[in-house]
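J.: Have a look at this prediction, sequence included:
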Amino acid sequence: MAKVLVSDPIDQVGIDILSQVAQVDVQTKLSPEELIKIIPEYDALMLRSQTKVTKEVVEAGTQLKIIGRAGVGVDNIDVPAATRQGIVVVNSPEGNTIAAAEHALAMMLSLSRHIPDANQSVKENKWDRKRFMGTEVYKKTLGVVGLGKIGSHVAGVGKSLGMKLLAYDPFISKERADQIGCTLVDLDLLFSEADYITLHIPKTPDTTHLINQEALAKMKPNVRIINCARGGVIDEDALAEFLQEHPDAGAALDVFEQEPLGESKLRGLPNVILTPHLGASTAEAQVNVAIDVAEQIRDVLLGLPARSAVNIPGLTPDVMEKLRPYLQLAETLGNLVAQLAGGRIEQLTVRLQGDLAANETQPIVVAAIKGLLSEALRERVNYVNAAIEAKERGIRVIETRDASIRDYSGSLHLEAKGSMGEHSVTGALLSNGEIRITDLDEFPINVPPSNYMLFTLHRDMPGIIGKIGSLLGSFNVNIASMQVGRKIVRGDAVMALSLDDPLPEGILSEITKVAGIRDAYTVKLSI
Ligand SMILES: NC(=O)c1ccc[n+]([C@@H]2O[C@H](COP(=O)([O-])OP(=O)(O)OC[C@H]3O[C@@H](n4cnc5c(N)ncnc54)[C@H](O)[C@@H]3O)[C@@H](O)[C@H]2O)c1
Ligand SMILES: O=C(O)[C@H](O)COP(=O)(O)O
């Protein structure tokens with residue numbers, strides 16, 4: 001039975017889903033050393049933001065097939081290391097959207113009305129109404145940085161509170177911003193115009209310290225900044241200094257450069273509200289993310305695709321279901337062409353033909369690469385790491401489409417160039433889903449792939465087929481089917497044989513000695 005480690009607190013509903021298919025061990029608050037020690041036993045790891053999945057953890061996780069983040073941010077996971085190791089990383093992109101958006105809105109209103117301090121004061125038996133004079137958000141300008149799922153929900157609520165909306169997001173169209181009711185502006189304008197600035201961006205090299213001393217200098221002296229996105233997008237020292245110098249300004253922070261928050265100048269400031277990364281902490285969000293991620297882990301452990309893999313783009317279940325037969329075709333052809341080409345492959349061209357050209361190329365190309373590399377890497381290569389492995393091996397991958405090639409309704413053509421030459425194969429699917437190899441090195445054939453195959457390039461002349469048949473017979477190899485493809489009579493031709501038995505050592509050199517045979521290739525396929 002598969003084993004799943006749950007290393008952060010996850011709603012029980014997720015544990016119940018995982019328990020249908022695996023032994024589930026819940027061990028939270030593990031030290032990095034403890035995690036590295038036990039992770040080799042596990043097929044899957046489920047976590048939130050506390051567990052740090054470093055390169056060392058990934059490398060120790062030799063059995064890991066999937067890492068599931070019950071939440072959005074995967075910045076606590078070394079995703080490139082996981083990808084290289086062929087581990088799927090999944091998250092729950094939408095499960096806590098509303099929770100995080102509502103937390104940001106609660107922070108904005110708390111800042112405006114001094115709720116935390118006022119609450120504290122009453123609890124201390126004071127009745128200080130003057131000290132907590134607030135401001136309204138109505139008719140104020142809300143600057144939303146990052147107009148994705150959370151940012152757009154915050155913007156929508158801001159609009160219904162009567163706020164004027166500005167937004168900065170270089171990856172969002174004007175039409176989308178219009179739809180949400182935001183005016184897209186550049187960052188400097190947003191900084192200078194906004195009364196409230198709310199951040200809803202991932203932490204990337206571009207967004208690290210987006211709010212720094214220079215940015216703060218452009219803002220209104222009474223600006224209120226809310227960060228329920230990621231620590232590190234604000235330079236906390238610069239912010240602390242700004243807030244000290246501008247007592248009418250304020251900040252509400254849920255996330256920090258270091259979590260838990262250690263020594264920080266922010267703690268002592270009266271115009272700051274701090275929460276311990278609570279954005280996703282609602283009962284509803286925790287149920288959502290637990291179900292979402294546990295189901296994906298369960299599916300991957302059962303050999304099914306994950307719907308929100310962050311390191312295998314394009315393979316949603318819908319796409320996967322539609323393309324599944326073509327992925328099998330691409331893998332088979334990739335493996336075939338790798339064996340024909342032999343040696344080190346330098347370039348793979350994948351051409352989607354006929355009706356297939358209308359499909360998304362990427363998953364099919366990944367499947368072809370997987371097939372190609374499985375010759376060398378066996379089960380180490382999968383849909384997650386195929387592209388990166390190809391890149392690291394210096395294999396140039398070219399994707400093309402040609403809808404005008406209509407010999408079959410849809411077909412796939414692969415060409416591999418390598419240190420030992422160049423070969424091409426084409427394959428198609430019959431209406432019953434069976435695979436046919438329909439072309440080999442530009443010679444038309446029509447053979448199903450089989451576990452053991454022999455291909456020859458020869459002169460089309462009398463007697464040659466008989467000689468090969470007798471030779472195979474003398475080695476006790478049974479022929480299941482045979483096909484010859486040629487372009488002109490008595491010109492060059494290819495022979496494709498499906499065999500019931502593996503070809504013994506040494507037979508290939510005997511075959512190439514037969515008069516008229518130019519080349520011969522033995523191929524093993526997993527069918
Ligand atoms: N505090 C919490 O507990 C909590 C909970 C959920 C999500 N989050 C965090 O909130 C953030 C937003 O989450 P989301 O679900 O809305 O993500 P999302 O991917 O839907 O939206 C992010 C948006 O940021 C934009 N963006 C990227 N780089 C940018 C840049 N340089 N400048 C401006 N915009 C940029 C993207 O175009 C995108 O529209 C993430 O960092 C996520 O990890 C925090
Ligand atoms: O990225 C997220 O989903 C949030 O930061 C929530 O993190 P958490 O699951 O640790 O609360």
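T.: Arrived safely. Residues are numbered from 1 along each chain as shown. Ligands and ions are numbered 1, 2, ... in the order given.

J.: From now on I want contacts and neighbour counts done on CA atoms only, so please keep to that.
T.: Fine.

J.: what stretches of the chain score poorly on pLDDT?
T.: Of all residues in the chain, those with pLDDT under 70 make up the ranges 313-320.

J.: Residue numbers of it in contact with ligand 2?
T.: Taking Cα under 6 Å from any ligand atom as the criterion, the neighbours of ligand 2 within the chain are 48, 49, 50, 70, 71, 72, 73, 280, 281.

J.: what comes up buried for the helix ranked longest in the chain?
T.: Taking DSSP state H as the assignment, the helix of the chain that covers the most residues is helix 317-341. With burial defined by 16 or more other Cα atoms under 10 Å, the residues of helix 317-341 counted as buried are 320, 323-341.

J.: Can you tell me what sits against the following helix or strand past it?
T.: Using DSSP states H and E, the helix or strand that follows helix 317-341 in sequence is strand 345-354. The contact list for strand 345-354, computed with Cα atoms under 8 Å, 6 or more residues apart in numbering, reads 338, 361, 365, 368-369, 394-419.

J.: Strand 345-354: partners in the sheet, and parallel or antiparallel?
T.: The strands beside strand 345-354 in its sheet (DSSP bridges) come out as strand 396-402 (parallel), strand 410-418 (antiparallel).

J.: Tell me which other helices or strands the longest helix of the chain touches.
T.: For helix 317-341, the contact count by 3 or more Cα pairs under 8 Å, 6 or more residues apart in numbering; DSSP states H and E identifies helix 361-377, strand 410-418, strand 421-429, strand 517-524 as packing neighbours.

J.: how about the CA coordinates for the third one, as CSV?
T.: C-alpha atoms of strand 421-429 as CSV (Å, rounded to 0.1, in the frame of the first residue of the first chain):
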residue,chain,number,x,y,z
GLY,A,421,22.1,9.5,-38.4
GLU,A,422,18.6,10.6,-38.9
HIS,A,423,15.3,8.7,-38.9
SER,A,424,11.7,9.4,-39.1
VAL,A,425,8.5,7.6,-38.2
THR,A,426,4.8,8.4,-38.6
GLY,A,427,1.9,6.9,-36.8
ALA,A,428,-1.8,7.2,-36.6
LEU,A,429,-4.7,5.9,-34.6
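
J.: before we move on, back to that, relative orientation of the longest helix of the chain and helix 361-377 in degrees?
T.: Helix 317-341 and helix 361-377 meet at an angle of 40 degrees, taking axes from the mean of the first three to the mean of the last three Cα atoms, to 10 degrees as the criterion.

J.: ok and helix 317-341 relative to strand 421-429, angle-wise?
T.: Using the same axes, to 10 degrees, the inter-axis angle of helix 317-341 relative to strand 421-429 is 140 degrees.

J.: And stretch 155-165, what's buried?
T.: For stretch 155-165, the buried set under the neighbour-count rule, 16+ other Cα under 10 Å, comprises 155, 156, 158, 159, 163, 164, 165.

J.: now swap in stretch 196-216 and tell me
T.: Neighbour counts using 16+ other Cα under 10 Å place 196-203, 208-213, 215-216 of stretch 196-216 among the buried residues.

J.: Check stretch 259-271 too.
T.: Judged by neighbour count (16+ other Cα under 10 Å), stretch 259-271 contains these buried residues: 266, 269, 271.

J.: Ligand 2: which of those residues is nearest?
T.: Nearest to ligand 2 out of the buried residues of stretch 259-271 is residue 266 (Cα to the nearest ligand atom; 20.1 Å).

J.: who touches the closest one in this structure?
T.: If a contact means Cα under 8 Å, 6+ apart, then residue 266 has 236, 240, 272 as its contacts.

J.: re the thing from before, looking at the buried residues of stretch 155-165, which are in helices?
T.: Applying DSSP H to the buried residues of stretch 155-165, the entries found in helices are 155, 156, 158, 159.

J.: all strands of the stretch 101-250 of the chain, in order?
T.: Secondary structure of the stretch 101-250 of the chain (DSSP state E, counting those that start in this stretch): strands located at 141-145, 164-168, 183-184, 196-199, 224-227, 250-253.

J.: Make CSV from the ones you listed and add distance to residue 443 to it.
T.: Written out in CSV, the entries for the strands of the stretch 101-250 of the chain read as follows (distance: least, Cα to Cα, whole Å):
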stretch, distance to residue 443
strand 141-145, 58
strand 164-168, 56
strand 183-184, 57
strand 196-199, 59
strand 224-227, 63
strand 250-253, 66
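
J.: ok, residue 234 touching residue 215?
T.: No - here residue 234 does not reach residue 215: they are 9.9 Å apart, not a contact under Cα atoms under 8 Å.

J.: hmm, back to that, how distant is the longest helix of the chain from the center of its chain?
T.: Taking the mean of its C-alpha atoms, helix 317-341 sits 19 Å from the chain's own mean (Cα atoms, centre = their mean, to the nearest Å).

J.: Tell me what the residue in the stretch 401-527 of the chain that ligand 1 sits nearest to is bridged to.
T.: Closest to ligand 1 within the stretch 401-527 of the chain is residue 401: 29.4 Å, counting by Cα to the nearest ligand atom. Under the criterion DSSP bridges, residue 401 forms beta bridges with residue 352.

J.: Please identify the buried residues of stretch 235-249?
T.: For stretch 235-249, the buried set under the neighbour-count rule, 16+ other Cα under 10 Å, comprises 235, 236, 238, 239, 240, 242, 243, 244, 249.

J.: contacting residues around the fourth one?
T.: Taking Cα under 8 Å, 6+ apart as the definition of contact, the neighbours of residue 239 are 211, 212, 213, 216.

J.: my read: residue 527 touches residue 448, true?
T.: No - counting by Cα under 8 Å, residue 527 does not reach residue 448; the two are 9.9 Å apart.

J.: Have a look at these two and say which one is more surrounded.
T.: residue 448 (18 against 11; other Cα atoms under 10 Å).
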